[in-house]
Structures are given as structure tokens and as C-alpha cells.
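J.: I would like the atomic coordinates for the input below:
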Amino acid sequence: MTRSRPAANATASSDISRRTNLARRTRPKNFYVGDSDGSDEPEEDSEDTDPVDDGDDQGVFQAESSQTTKGSPRKRTTRSQPVSKPSTAKSLLGAKKHSRQESRTTPAKIKRPRTQPDSAFRRPEPKAILNPAKPAVAPDWLSPAIPYSAWVDIFYYAAVSGGILDNGWLLRAATICRAFSEPALTTLYKSPSPRTTIKAKKLAGLLERPVSETLFNYPVKVESLYVDIEKFPLGLLAQVVHPLRRLKELVIYTPLDQPPYRDLDKTIRWHYPQGLFNALGPLESEDESTLPIMLKSWEWSSRLLGGTISDMDGITRIHQLPSFSRLAKLSFTNFQVPSLNKTDVKPGDEIGEMQLWEEDGEAINAVANAITHVPELKHLTFESSTIMNDRLLPSLPRNLRRLDLINCWEVKSDDLSQFLRTHGGNMRSLVLLHNQSLDLGFLTDLAETAPNLAELQINMSYYRHHESVDDSDPMYDQALLPTQVPLWPESLRQLEVENVRQWSVEAAEVFLQSLVDSAPNLPNLRHLSIKTMLNIPWQRRAELRHVWTERLERVFLRVSDPPLPRTSLRSGTVEGEDTNAMSTLMKRRKEPGTPSRRSDRIAATKSDDDKAPRSLRGKRSSRPHYREPDTDEEQEDEDEESSAESASATAEKEKEMFPIQGLCKTVVTKFDNQKVRELQYGMEDFNDDDDESSGDEWDGDDDETDEAILYWR
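T.: Below is the predicted model of the structure:
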């Protein structure tokens with residue numbers, strides 16, 4: 001199949017500023033997500049929070065001698081007196097009618113009239129103390145009992161907000177005191193990702209400085225490095241990598257290889273330089289020579305092959321270097337079979353087809369040979385590669401613990417099942433994202449083929465190959481047949497199956513029932529997420545949603561007491577919450593009488609109708625309602641309540657028949673009829689702006705107009 005893509009899409013793909021935000025990327029726990037500064041901010045503003053700022057050490061040095069630091073780019077905040085509100089100020093002026101001269105002549109022994117209790121000039125009343133007998137205790141932050149590694153974890157946990165590392169917060173934390181400087185900067189420099197040329201030059205300059213000129217040894221703190229070749233200077237790559245002796249992960253990528261994967265045929269001029277691999281070698285000096293950089297993770301892109309490394313033989317040669325001898329994670333992106341772009345062979349030409357078959361076999365064998373030269377490989381990833389097919393799967397190593405297949409449209413369920421039967425004994429994680437030909441048939445014997453599997457992620461949404469053609473439909477007839485019952489391994493800990501489509505209601509119920517039946521045999525399951533699309537009437541879909549959501553939550557969801565309402569390490573302050581009431585609410589199961597998904601607009605319409613006058617309600621009822629009868633967002637209350645009551649009765653009858661696992665922290669179920677697209681739109685995407693330009697809402701008085709009426713006599 002040919003894949004021609006317009007060149008205009010390159011701009012759209014290059015607009016992706018954050019590689020680490022993509023769901024396709026997985027990183028070890030000690031590797032961080034990258035900068036919080038995006039390309040949408042001005043460059044001069046984002047440089048203030050850059051981890052490679054030249055003034056970092058200066059700010060840390062000044063933190064010890066002065067309380068006013070320069071590490072924070074924002075305006076310094078000083079202690080200010082509480083500012084009174086307008087209403088409070090007026091009451092204060094009303095209570096005090098004395099002039100300044102009169103107040104100065106007031107004797108010291110005469111008490112001045114007290115201000116009102118809510119005056120802004122008075123200190124707030126202390127809150128209730130939970131245990132008055134026990135004094136407030138603050139931990140000793142300088143205690144040697146808190147190890148350095150614990151401080152690094154604390155700062156990482158505090159700096160991550162929404163999956164993004166807040167570099168500005170870490171810089172400000174590093175300038176508070178000397179005890180916080182090194183762990184905060186270690187968290188900051190553990191995974192630097194320079195987004196601009198200026199930042200890359202600053203990083204290179206900082207890493208080249210001698211250790212005697214800096215407060216800390218910055219090169220030893222870098223463990224992971226993501227390089228975007230469109231923003232990173234090519235001449236500085238080897239210069240930056242060479243001093244990083246503790247570097248574990250090096251990913252050189254281009255946004256063209258990222259979703260939506262419609263620029264896979266586009267070529268670029270940048271190639272892997274030989275100087276980069278020389279920089280990974282040992283440091284040679286007059287005194288002694290150090291060990292080479294021992295990488296743990298590396299990614300190959302066929303788009304970057306050329307020069308000294310132009311084919312798979314060059315990749316095999318690189319894998320034999322000492323720097324790649326301990327490689328545990330290896331990724332291949334955009335590796336295609338030779339026959340994909342050769343369309344000159346006509347159908348029925350046996351000789352031409354045989355030549356293409358042999359050429360594809362040589363390319364597949366070359367990839368398999370390159371993988372065999374990585375003896376300690378545990379994690380293998382193939383992305384947007386047709387070379388990953390039924391001919392390459394049997395040649396993969398048998399000691400793999402994780403396999404990621406992303407946008408590989410040649411992988412089929414039968415081939416994957418056969419691979420797991422021979423190679424799945426040690427498999428712990430299986431990630432299958434956007435594979436257009438892969439259905440769920442391999443789940444029928446998963447407990448036998450992968451008995452030690454702990455993580456299973458499946459996303460059945462697909463990307464279009466061409467911009468102008470909607471060719472993102474699945475290449476299979478049914479995702480799962482009603483006669484195919486999945487078998488789940490007992491070691492399963494995380495299960496995510498999203499965007500399932502093209503299956504019947506019976507097959508969906510068989511799939512969900514298999515989870516309920518296997519609940520006693522899944523003691524390690526902690527995360528469960530099922531999202532499917534069912535093109536059936538909304539009444540039936542609402543009933544399925546209510547029954548199975550309540551059932552799965554009752555079987556798998558953990559019910560535990562809420563944490564104590566302590567918001568500080570200092571004991572004694574409470575906000576007045578009733579902990580007993582909170583505990584009772586958390587322990588109480590979800591009532592089956594209310595569906596788990598109801599439209600907010602329906603509830604708002606019902607409440608407004610109840611509050612409106614009878615005459616107005618009569619006018620509203622006389623007007624026709626234009627609603628789609630087969631959508632989830634607009635449902636009639638009476639029909640919904642009747643379906644909920646019937647579902648509740650059914651659930652009560654079967655309540656005692658289901659086993660209770662009760663160990664999952666997260667149970668997510670979603671039933672919808674929205675067609676799966678690359679960009680999913682919800683109701684919140686079509687809200688009006690919160691301004692007055694849209695005009696007032698209709699109040700029902702449009703029929704009784706007061707405008708003048710012209711008529712002829």
C-alpha cells in the first residue's frame with residue numbers, strides 16, 4: 001500500500017511542543033517529564049526559569065548570606081499588613097470618628113474604643129486546636145535521618161503538577177536555604193530538555209565548566225536527555241553528551257515521527273553523526289581514562305539514518321559498542337518494508353512478488369539480527385513500522401519483559417497470540433496502541449500464553465494515513481465475537497481497554513462478565529478502565545451503563561476510610577470537617593437508583609421548569625422540542641428513571657451472586673455511541689463565551705411583544 005502525504009502537514013506536526021505529554025511515551029520512574037515552559041511563551045520570559053540559567057549558582061550562594069534572593073524570576077513578596085475590604089473600612093471609619101490630633105492626645109491609660117469584631121486591622125481568631133494538650137511539632141528539616149534520596153523524591157513529588165515538572169518552583173525552592181539547594185537542583189537537572197537554541201547553548205556552557213567553578217557537580221546529575229533535532233543545534237550534541245557520565249537514556253527525535261503519523265515519507269537532512277557515538281566513549285585524560293557512558297535506553301528512527309550509519313548493518317555495528325552493551329530498552333520508529341513503496345509490480349506477477357518477498361525477508365532478518373546484539377534487552381518498542389509483522393515476531397528475543405506496539409497496522413491477533421505462546425512466559429507488560437488490524441481475539445488464551453502479565457494497555461483508536469481520505473476504520477470485522485470468552489492472568493495489575501468498537505452488545509457483555517467471573521482470581525488488580533462505543537438505542541445503552549458500572553464498582557472498587565483532615569505537618573488545626581460524616585459517606589456504596597451518567601443540561605432544565613410559573617410552563621410545553629432521539633446527551637427524565645428502576649431491580653436480585661474483589665483504586669467504565677476520532681469533542685467544547693455580547697437568554701416572553709403593529713384601514 002502506498003502512503004503519500006502532503007507536505008503541508010509538516011507544519012502541523014512540528015507544532016507539537018511537548019514530546020513527553022504524548023501517551024505513546026513511557027519512561028522509567030526516575031526519568032522526568034521535562035520542562036514546563038512551552039514554545040508558546042516568549043523566549044525572553046521562559047529563559048528566567050530555564051534550568052541552565054547562568055545565574056543559578058549565584059542565586060544559591062546568595063541564599064545563605066541574605067534573605068532576599070534572586071533565584072525567583074517573579075516579583076518578591078514582602079510582609080504586608082492586611083488590607084481591609086471596602087465594607088470593613090467603612091464600618092471602621094464609622095466606629096472611629098476621631099481625628100489624628102485627638103488620637104495623639106489620648107492618654108495612655110484611657111482605653112480607645114474597640115473596633116468591630118470583623119475589622120481588618122485585628123488578627124484573625126485562632127482556629128480550634130484538635131489536641132490542646134499536645135504542642136505543635138515541626139520536623140527537623142536538617143536531621144540526618146532524612147536521606148538525600150528522600151529529599152530528591154520529595155521535591156519531585158512537590159514540583160510535578162498535571163504531569164509537568166515546574167522548573168520555576170524548583171528554582172525558587174533551591175534558593176530558600178543550602179539544605180534545599182542540591183536536592184532541588186538534582187530534581188531539576190535529572191532530565192533537562194532544552195527547547196530552544198539559546199537554552200541548549202546555556203546547557204552546553206554549564207556542563208563544560210569545571211566543577212571547581214560551580215557549587216554542585218551538574219554533569220553527574222543528568223540521567224535522561226530528550227533532544228528535538230529541529231530545536232537543538234547539531235554541533236552541540238556531542239559537546240553536551242560527552243561530560244554526562246551517568247546518562248542512562250538518550251532519545252533523539254523529530255516531531256515528524258509523532259502523531260498523527262502522516263509525514264512518515266518525508267525526509268530530512270539531519271543524520272546520526274559519528275561524533276555522537278564517539279562522545280559516548282570513555283573520557284581519556286593524562287592521568288586516567290574513565291568508563292564509557294552505559295546507556296539503558298535508546299531509540300532509532302529510520303528517518304535519521306544516513307552517512308556513516310545508513311542501514312541496519314550500521315545499527316548492528318553500533319549495538320556492539322561498549323556504551324550499548326547494557327541497553328535494556330530499545331525503540332524502532334518508522335521502519336518500513338521495502339515493498340511498501342514499490343508499486344511497479346503488477347498483481348499476478350509472480351516473479352516480481354517473489355522478489356519483493358525476498359527483499360522484505362532480508363530487511364526483517366537484518367532488524368532481528370540487530371536486536372540479537374543487545375543481550376540485556378528487556379523492553380522493545382516498535383512504532384509506525386510495517387516491518388513489525390508475522391515474520392518478525394517469531395524472531396524476537398524470548399526474555400522480553402515488555403513489548404510496545406504503536407501504530408503498527410500489520411500486526412494481527414492470531415500472530416500476536418502465537419508470539420505470546422512462545423515468547424510470553426516472561427512478559428510483564430503489553431502495550432498495544434492504535435494498531436489498525438489488531439482485534440481482541442488474543443485475549444481468549446491470554447492466561448495461558450502470558451501467565452505473568454501485570455500490565456495490559458489497549459487503545460483501539462486509529463489515525464488516518466492521508467489527510468484527505470478517512471481511512472482510519474478498523475481492518476477487522478469484529479473486535480470480539482460473543483463466543484470468544486477472555487481469560488485473564490492472575491498476575492494482572494493494570495487493565496486498560498479503550499475505544500473498543502465494532503462488536504455487538506452480547507460480545508461486550510461477555511467481555512465484562514469475564515472480568516466479574518475472574519474477580520476471585522485477580523488479587524493484584526488495582527486499576528480497571530473500560531471504554532467502548534456501542535451503536536444501539538440510547539435506552540438500551542443507558543441500561544447497560546447503569547448495570548455494568550454499578551456491578552464493576554461493587555465487585556472491584558476499594559472502599560476505605562478517608563484520610564485525616566490534616567493539611568499541615570503542624571498538628572492541631574482543623575477546618576471544622578466532620579470526620580465521622582466523611583467516613584460514613586465514603587463507606588456508603590453508590591446507590592443504584594441514579595444512573596452514573598446523566599446530562600447536566602437535563603437536570604438544569606428540570607429545575608428551571610419546576611421554579612417557573614405555571615403560565616410560563618404552559619407556554620414552554622406547547623413549543624416543540626427538537627432533540628435527537630438517539631443520543632446520550634439529551635434523554636427524557638421519565639424514560640431514564642424507568643430504565644434506572646428496572647436496572648436497580650435487576651441489580652438487587654443479582655447482588656448476592658457476584659464475588660467481591662474490592663482492591664481496585666480506580667474503576668472507570670464508559671459506554672457511548674460517539675464515533676472514535678483523532679480529536680474527540682465533548683459538550684464543553686461548544687459552550688458559549690461568558691460575555692454579554694451573546695445577548696440575554698430566552699425567558700419565554702417573546703410571544704407577548706410590545707412593538708407597534710402597522711395595519712391599513
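J.: so residue 251, which of the three states?
T.: strand (DSSP: H, G, I helix; E, B strand; the rest coil).
J.: quickly list what it is bridged to.
T.: In this structure, residue 251 bridges to residue 226 when assessed by DSSP bridges.
J.: contacts only, for it.
T.: 225, 226, 227, 297, 298, 299, 331 (C-beta atoms under 8 Å, 6 or more residues apart in numbering). Any C-beta I mention is one placed from the backbone N, CA and C, and that applies to glycine too.
J.: quick check: longest helix in this structure by residues?
T.: helix 350-372 (DSSP state H).
J.: mind giving me the packing neighbours of it?
T.: helix 312-319 (3 or more C-beta pairs under 8 Å, 6 or more residues apart in numbering; DSSP states H and E).
J.: quick check: buried residues in the helix it packs on?
T.: 312, 314, 315, 316, 318, 319 (16 or more other C-beta atoms under 10 Å).
J.: now do the last one, the pLDDT please.
T.: It stands for residue 319. On pLDDT, residue 319 comes in at 96.
J.: let me have the buried residues of helix 312-319 in JSON lines, adding distance to residue 532 as columns.
T.: Formatted as JSON lines, the buried residues of helix 312-319 follow (distance: C-beta to C-beta, whole Å):
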{"residue": "312", "distance to residue 532": "40"}
{"residue": "314", "distance to residue 532": "45"}
{"residue": "315", "distance to residue 532": "40"}
{"residue": "316", "distance to residue 532": "43"}
{"residue": "318", "distance to residue 532": "43"}
{"residue": "319", "distance to residue 532": "41"}
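J.: got a pLDDT number for the nearest residue to residue 665 once chain neighbours are set aside?
T.: Excluding its sequence neighbours, the residue lying closest to residue 665 (C-beta to C-beta, 6 or more residues apart in numbering) is residue 526, at 5.4 Å. On pLDDT, residue 526 comes in at 95.
J.: I figured residue 526 hits residue 667, correct?
T.: No. The pair residue 526 / residue 667 is not scored as a contact, 10.1 Å apart, by C-beta atoms under 8 Å.
J.: residues near residue 542, how many?
T.: By other C-beta atoms under 10 Å, the residues close to residue 542 number 22.
J.: element containing it?
T.: For residue 542, the host element (DSSP states H and E) is helix 538-556.
J.: what mean pLDDT would you report for that helix?
T.: So the average pLDDT for helix 538-556 ends up being 94.
J.: ok so, going back, need the contact list for the residue nearest to residue 665.
T.: Contacts of residue 526 (C-beta under 8 Å, 6+ apart): 493, 494, 663, 664, 665, 666.
J.: now do the last one against residue 280, distance only.
T.: Yep, that's residue 666 we're talking about. Per C-beta to C-beta, to the nearest Å, residue 666 is found 40 Å from residue 280.
J.: more crowded one of those two?
T.: residue 280 (22 against 13).
J.: check which residues of stretch 328-346 are buried.
T.: Counting neighbours by 16+ other C-beta under 10 Å, the buried set in stretch 328-346 is 328-340.
J.: quick check: the two most widely separated of the residues you listed?
T.: 328 and 339 (32.3 Å; C-beta to C-beta).
J.: state the distance from residue 210 to residue 218.
T.: On the measure of C-beta to C-beta, residue 210 and residue 218 end up 11 Å apart.
J.: who's more crowded, those two?
T.: residue 218 (24 against 6).
J.: contacting residues for residue 312?
T.: Neighbours of residue 312 in contact, by C-beta under 8 Å, 6+ apart: 363, 366, 367, 369, 370.
J.: now these in CSV, with neighbour count, pLDDT and distance to residue 412?
T.: Listed next are these as CSV, based on neighbours: other C-beta atoms under 10 Å; pLDDT from 0 to 100; distance: C-beta to C-beta, whole Å:
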residue, neighbour count, pLDDT, distance to residue 412
363, 21, 95, 19
366, 17, 96, 23
367, 22, 97, 19
369, 15, 96, 24
370, 21, 96, 24
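J.: in JSON lines, list those along with distance to residue 499.
T.: Formatted as JSON lines, these follow (distance: C-beta to C-beta, whole Å):
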{"residue": "363", "distance to residue 499": "31"}
{"residue": "366", "distance to residue 499": "34"}
{"residue": "367", "distance to residue 499": "29"}
{"residue": "369", "distance to residue 499": "36"}
{"residue": "370", "distance to residue 499": "33"}
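J.: which one of the residues you listed is nearest residue 479?
T.: For the contacts of residue 312, the nearest to residue 479 is residue 367 (29.2 Å; C-beta to C-beta).
J.: gap between the closest one and residue 173?
T.: Taken as C-beta to C-beta, the span from residue 367 to residue 173 is 46 Å.
J.: ditto for residue 152
T.: According to C-beta to C-beta, residue 152 and residue 173 sit 12 Å apart.
J.: who has more neighbours, these two?
T.: residue 173 (22 against 19).
J.: doesn't the more buried one fall inside a strand?
T.: No. Counting by three-state DSSP, residue 173 is located in no strand; its state is helix.
J.: that one contacts residue 155, correct?
T.: Yes. Here residue 173 reaches residue 155: they are 6.4 Å apart, a contact under C-beta under 8 Å.
J.: between the two, which contacts overlap?
T.: With contacts taken as C-beta under 8 Å, 6+ apart, residue 173 and residue 155 have 180, 184 as neighbours in common.
J.: residues in contact with stretch 396-403?
T.: 368, 371-372, 377-381, 419, 422-423, 425-431.
J.: before we move on, what about stretch 292-299?
T.: So stretch 292-299 is in contact with 28, 224, 241, 244-245, 247-253, 280-282, 321-333, 379, 381, going by C-beta under 8 Å, 6+ apart.
J.: quick one: which of those residues sit in helices?
T.: Using DSSP H, the contacts of stretch 292-299 in helices are residue 241.
J.: now the contacts of stretch 292-299: which count as buried?
T.: Members of these classed as buried by 16+ other C-beta under 10 Å are 224, 241, 244, 247-253, 280-281, 321, 323-324, 327-333, 379, 381.
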